[in-house]
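In: Next one to model:
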Amino acid sequence: MLGLMSSADLEATYSEKAIRSIFWKYPQGKAILTYLLSLMDSEETDKPKFSWFEQRHAHAESTTATSGSLGGGGAGPFTNSAVTTSQAAAGFSFTAGTTYGVFVADASKFRVDDVVWIKRVPNAAASAYLDLKGSVTAIDTTSDYILVTSNETVASVSNDTDANSISVMVIGKAAAEGDRSREGGYEFPIEVENYTQIFRETVGPFSRNALKAGQRFDKTGVYTSAVKQASLRLTEAMEMSTFFGERAVRTVTNQNGKSVPQRFMGGVLWFLKEYEKASGGSFGYRPGGSAITSSSWATEEQKRVIAVNGTVTMAQLEMLVRRCFEDTADSSFEKLLVCGSTLYSVFQSYFEMKSIKTTTLKTKEESYGMTINMWESPWGTLYLKSHPLFQRSALRTSGFILDVGCLGWNDLQDSEVTLLKNRQNNDEDGRKDEFLGEGGLVVKAPENHMYLEGITGVTA
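Out: Residues are numbered from 1 along each chain as shown. Down below sits the predicted model:
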């Protein structure tokens with residue numbers, strides 16, 4: 001399940017990491033994601049700023065763009081074969097065997113001998129749409145146009161502004177008989193970066209007398225109770241940073257009076273917001289793409305931060321689940337939904353309205369010691385888990401759909417979270433321990449994840 005180790009391995013290894021041990025000793029489940037990340041293969045970094053490489057398969061497609069009215073009067077994408085005159089705005093004939101210039105948003109997406117389909121170009125003479133097909137004979141990546149030789153005659157093709165932003169996609173290759181090989185292309189991967197963050201939580205300090213005195217409220221003693229509270233507080237802080245951390249670094253003065261860096265790692269939501277910025281933000285997730293931060297979640301397919309602030313219809317909820325599975329790195333198409341109680345109830349209501357059966361996982365091997373519901377949707381398997389930290393009023397209607405295999409945790413070298421003992425001054429008549437560790441989150445392919453916010457109900 002989710003590509004993680006089985007419970008048979010967990011039984012023997014849960015004490016190897018403090019995060020696992022805390023979760024098993026105190027199974028309130030406050031750090032679900034951090035705990036699941038600890039079940040992955042250990043990774044370390046020797047630098048507080050670490051990186052990883054990502055490469056996406058770029059579909060061979062683009063959109064039409066204005067030719068800039070080269071002289072023929074048309075403000076659409078079509079020109080003559082010399083690319084010196086625009087076709088008439090009021091319409092022209094896309095004649096079989098004739099070559100035309102077609103301006104596009106990104107000509108590098110195409111190769112000579114590609115067969116392209118310019119889909120749903122407006123008909124200049126009627127309220128209708130036309131499909132144009134032909135082969136690419138030349139490419140200009142400086143001015144972003146391609147030369148296309150038509151495969152069939154299509155009359156009354158509009159070359160006005162309504163012909164811009166039309167899909168141009170490759171639908172085949174057609175090399176000439178006896179021809180030689182042509183130029184190819186290569187896209188380098190992007191390098192994505194995050195910071196490590198120092199997490200520490202003090203246990204104590206206690207005077208020697210306090211450690212020796214019994215406590216009426218806890219027979220195990222004040223120290224054991226303090227360790228429990230500190231461990232839960234630490235893992236809660238790590239969990240919330242993993243979801244909502246805002247990546248930053250600044251210079252501060254520490255307790256020793258020295259100017260030092262203070263680093264904050266980016267959480268899942270931070271990476272999703274970067275993905276929605278123009279060109280895909282700091283790392284260029286979507287080269288040349290416009291910003292979709294303010295776009296409507298109901299219509300923008302690439303949007304991954306979904307702020308609803310109200311009810312959704314069943315069709316809209318299905319659309320969001322379908323959208324989150326369209327990009328996935330899991331060959332078994334499994335994703336995890338962790339959410340607040342209100343959003344969980346929305347899904348339960350949807351299941352009841354659609355008469356869908358959900359399966360409650362029983363065994364530890366499947367559920368990792370947690371109660372998880374499984375829904376085999378038409379698009380993939382979604383595991384639903386109510387998150388205790390999302391019971392706060394501000395988060396009850398929120399949740400994350402996560403492709404767990406695209407997440408990871410990098411500890412700074414030799415800095416895994418550990419309970420360090422006797423941190424008090426040498427001459428102090430008492431004791432102080434602390435949890436201390438440093439690490440950062442890896443979020444690969446933000447388009448594989450989704451953040452849902454403000455979904456209060458579902459209607460037919």
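In: give me the beta-bridge partners of residue 203?
Out: With DSSP bridges as the criterion, residue 203 is bridged to residue 433.
In: Tell me, how many residues neighbour it?
Out: Other residues lying near residue 203 total 22 when counted by other Cβ atoms under 10 Å. (C-beta placed from N, C-alpha, C; glycine too.)
In: same thing with the one 4 residues further on?
Out: A total of 13 residues lie near residue 207 under the criterion other Cβ under 10 Å.
In: gap between the closest residue to it other than its chain neighbours and residue 227?
Out: What sits nearest to residue 207 in space, not counting adjacent residues and going by Cβ to Cβ, 6 or more residues apart in numbering, is residue 430, at 4.5 Å. Distance from residue 430 to residue 227, counting by Cβ to Cβ, to the nearest Å: 16 Å.
In: what does residue 383 give?
Out: When Cβ to Cβ is the yardstick, residue 383 and residue 227 sit 31 Å from each other.
In: Need the distance between the two termini of stretch 241-260.
Out: End-to-end distance of stretch 241-260: 21 Å, with Cα to Cα, to the nearest Å as the criterion.
In: okay, and for the chain, where does confidence drop off?
Out: Low-confidence segments of the chain, defined by pLDDT under 70: 1, 3, 5-15, 27-29, 213-221, 362-367.
In: what about the longest helix in it?
Out: helix 222-244 (DSSP state H).
In: Quick check: buried residues in that helix?
Out: 222-223, 226-228, 230-232, 234-244 (16 or more other Cβ atoms under 10 Å).
In: try stretch 144-156
Out: Going by neighbour count (16+ other Cβ under 10 Å), the buried part of stretch 144-156 is 144-148, 150-151, 154, 156.
In: re earlier: now for the helix or strand following the longest helix of the chain, which elements pack on it?
Out: Under the assignment DSSP states H and E, the closest C-terminal helix or strand after helix 222-244 is strand 248-253. Contacts of strand 248-253 with other secondary structure elements, assessed using 3 or more Cβ pairs under 8 Å, 6 or more residues apart in numbering; DSSP states H and E, are made with strand 259-264.
In: List the contacts of the strand it packs on.
Out: Identification of contacts with strand 259-264 by Cβ atoms under 8 Å, 6 or more residues apart in numbering yields 48-49, 195-198, 241, 245-254.
In: Would you mind listing the buried residues in that strand?
Out: The neighbour-count criterion (16+ other Cβ under 10 Å) identifies 263-264 as the buried residues of strand 259-264.
In: Direction included, what does that strand pair against?
Out: Based on DSSP bridges, the strands next to strand 259-264 in the sheet, each with its direction, are strand 248-253 (antiparallel).
In: how about the strands of the stretch 251-400 of the chain, start to end?
Out: 259-264, 305-313, 334-339, 359-360, 373-376, 381-386, 399-402 (DSSP state E, counting those that start in this stretch).
In: Same list (the ones you listed) but as TSV, adding distance to residue 94.
Out: Rendered in TSV, the data for those read as follows (distance: least, Cβ to Cβ, whole Å):
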stretch	distance to residue 94
strand 259-264	55
strand 305-313	40
strand 334-339	44
strand 359-360	54
strand 373-376	47
strand 381-386	45
strand 399-402	43
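In: my guess is residue 298 meets residue 315, correct?
Out: No: between residue 298 and residue 315 there is no contact, the gap being 10.1 Å when judged by Cβ atoms under 8 Å.
In: So for the two, which sits in the more crowded spot?
Out: Comparing residue 298 with residue 315 by other Cβ under 10 Å, the one with more neighbours is residue 298, at 13 against 9.
In: how much space is there between the closest residue to that one other than its chain neighbours and residue 351?
Out: Counting by Cβ to Cβ, 6+ apart, residue 316 is the residue found nearest to residue 298 once chain neighbours are left out, at 6.5 Å. Residue 316 is 16 Å from residue 351, where distance means Cβ to Cβ.
In: cool, and residue 22?
Out: Using Cβ to Cβ, one obtains 33 Å as the distance from residue 22 to residue 351.
In: Likewise for residue 402?
Out: Using Cβ to Cβ, one gets 20 Å for the distance from residue 402 to residue 351.
In: Looking only at neighbour counts, state which of those two leads.
Out: Higher neighbour count among residue 402 and residue 351: residue 402, with 24 against 16, using other Cβ under 10 Å.
In: that older thread, could you flag which of the contacts of strand 259-264 are buried?
Out: With neighbours counted using 16+ other Cβ under 10 Å, the contacts of strand 259-264 contain these buried positions: 48, 195-197, 241, 245, 247.
In: if we can go back for a sec, what about the residue nearest to residue 298, how many residues nearby?
Out: The criterion is other Cβ under 10 Å. On that basis, residue 316 has 17 neighbouring residues.
In: hang on, isn't it packed against residue 296?
Out: No: the pair residue 316 / residue 296 is not scored as a contact, 11.4 Å apart, by Cβ under 8 Å.
In: Tell me which helix or strand residue 409 sits in.
Out: Secondary structure assignment for residue 409, by DSSP H and E: strand 407-412.
In: Of the buried ones among the contacts of strand 259-264, which is the nearest to residue 118?
Out: The nearest member of these to residue 118, counting by Cβ to Cβ, is residue 247 at 40.8 Å.
In: residues in contact with that closest one?
Out: For residue 247, the residues meeting the contact criterion (Cβ under 8 Å, 6+ apart) are 194-195, 264-266, 270.
In: go on, residue 382?
Out: Contacts were defined as Cβ under 8 Å, 6+ apart; by that measure residue 382 touches 321, 334-337, 374-375, 401.
In: Equivalent analysis for residue 187, please.
Out: Contact partners of residue 187, counting by Cβ under 8 Å, 6+ apart, are 55, 58.
In: contacting residues for the nearest residue to residue 106 once chain neighbours are set aside?
Out: If you skip the residues right next to it in sequence, residue 106 has residue 62 as its closest partner in space, 4.7 Å away by Cβ to Cβ, 6+ apart. By Cβ under 8 Å, 6+ apart, residue 62 lies in contact with 104-107, 109-110, 168.
In: hang on, residue 62 is in a strand, isn't it?
Out: Yes: secondary structure of residue 62 (DSSP: H, G, I helix; E, B strand; the rest coil): part of a strand.
In: in the sheet, who's paired with it?
Out: Residues found in beta-bridge contact with residue 62 (criterion: DSSP bridges) are residue 168.
In: and what of residue 307?
Out: Residue 307 has these beta-bridge partners by DSSP bridges: residue 453.
In: I figured it was touching residue 296, is that so?
Out: No: proximity of residue 307 to residue 296 does not meet the contact threshold set by Cβ under 8 Å, at 10.6 Å.
In: higher neighbour count, the two?
Out: Neighbours were tallied for residue 307 and for residue 296 using other Cβ under 10 Å; the higher tally belongs to residue 307 (12 against 8).
In: which ones are touching the more buried one?
Out: With contact set as Cβ under 8 Å, 6+ apart, residue 307 has these partners: 297, 453-454.
In: ditto for residue 454
Out: Residues in contact with residue 454 (Cβ under 8 Å, 6+ apart) are 307-310, 397-398.
In: Relative to residue 81, which of these is nearest.
Out: Within those, the smallest distance to residue 81 is 48.2 Å, found for residue 307 (Cβ to Cβ).
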